[in-house]
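A.B. asks: Provided below for reference: sequence and predicted model.
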Amino acid sequence: MPRLFTGLEIPSDIGFALSLKRGGLNGARWIEPENYHITLRFIGDVDNKTANEVVDNLDYLSESLRFPIKLTHLGTFGGDKPRALYAGVEPSEALNRLQAAHERMLQRAGLPPDGRKFVPHVSLARLRGTAAEDVARFIAEAGRFEPLSFSVARFALFSSRDSVGGGPYVVEETYPLAA
């Protein structure tokens, strides 16, 4: 059974710029730049029939228009027990519409709703046993985050193997957005 999710690929130049943030944080397992992405909707482990339906139904979402994305800051998930370091995405109505369309389409395909709030981001590291104070110091010492922008011309269906996170991810299909 494939483990699937939809998302946005990160251009290699943006990935390189993000990779320069790597290092110097105890307990961090850094994600390789080729595995950077923005998740739109986690699908999970599905049978081949459901996977084929998802592939077919995603074609209908390519009518969405292209739009810009801007990465603006470093942040963490997990509060007092940080579990991930990420680059945050500036709020975007176009991105929210695309993500909501994925959610609706996948529910129509019979998948349960995603119970998590959509917080667009690029995961940079998984954290284990890292103190919140150490993460705060790392972010402060990283200096000013220069915004990174790119245009979204397509979204992708990714697969991953069952692991503790961070890849490797495989692009199974891509879906161009309208110009």
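C.D. replies: Received it, and whenever you're ready, just let me know what you need. As the structure is a prediction and not an experimental result, all values here were calculated from the model.
A.B. asks: need the next SSE after the host helix or strand of residue 53, C-terminal direction.
C.D. replies: Residue 53 is part of helix 48-58 when elements are defined by DSSP states H and E. Downstream of helix 48-58, the next assigned helix or strand under DSSP H and E is strand 67-77.
A.B. asks: what comes up buried for that following strand?
C.D. replies: Going by neighbour count (16 or more other Cβ atoms under 10 Å), the buried part of strand 67-77 is 69, 71, 74-76. (Each C-beta comes from the backbone N, C-alpha and C, glycine too.)
A.B. asks: ok, stretch 125-144 next?
C.D. replies: In stretch 125-144, counting by 16+ other Cβ under 10 Å, buried: 125-127, 130, 134-135, 138-139.
A.B. asks: and the furthest pair within those residues?
C.D. replies: Across the buried residues of stretch 125-144, no pair lies farther apart than 126 and 139, at 16.1 Å, counting by Cβ to Cβ.
A.B. asks: show me what the longest helix that the chain contains packs onto, helices and strands only.
C.D. replies: The residue-count maximum for a helix in the chain (DSSP state H) belongs to helix 93-108. Packed against helix 93-108, as judged by 3 or more Cβ pairs under 8 Å, 6 or more residues apart in numbering; DSSP states H and E, are the following elements: strand 37-45, helix 48-58, strand 67-77.
A.B. asks: sketch out the low-pLDDT regions of this protein for me.
C.D. replies: Residues of the chain meeting the criterion pLDDT under 70: 1, 162-167.
A.B. asks: let's go with 90 and repeat that
C.D. replies: 1-3, 47-53, 56-57, 59-65, 108-110, 115, 142-144, 160-168, 178-179 (pLDDT under 90).
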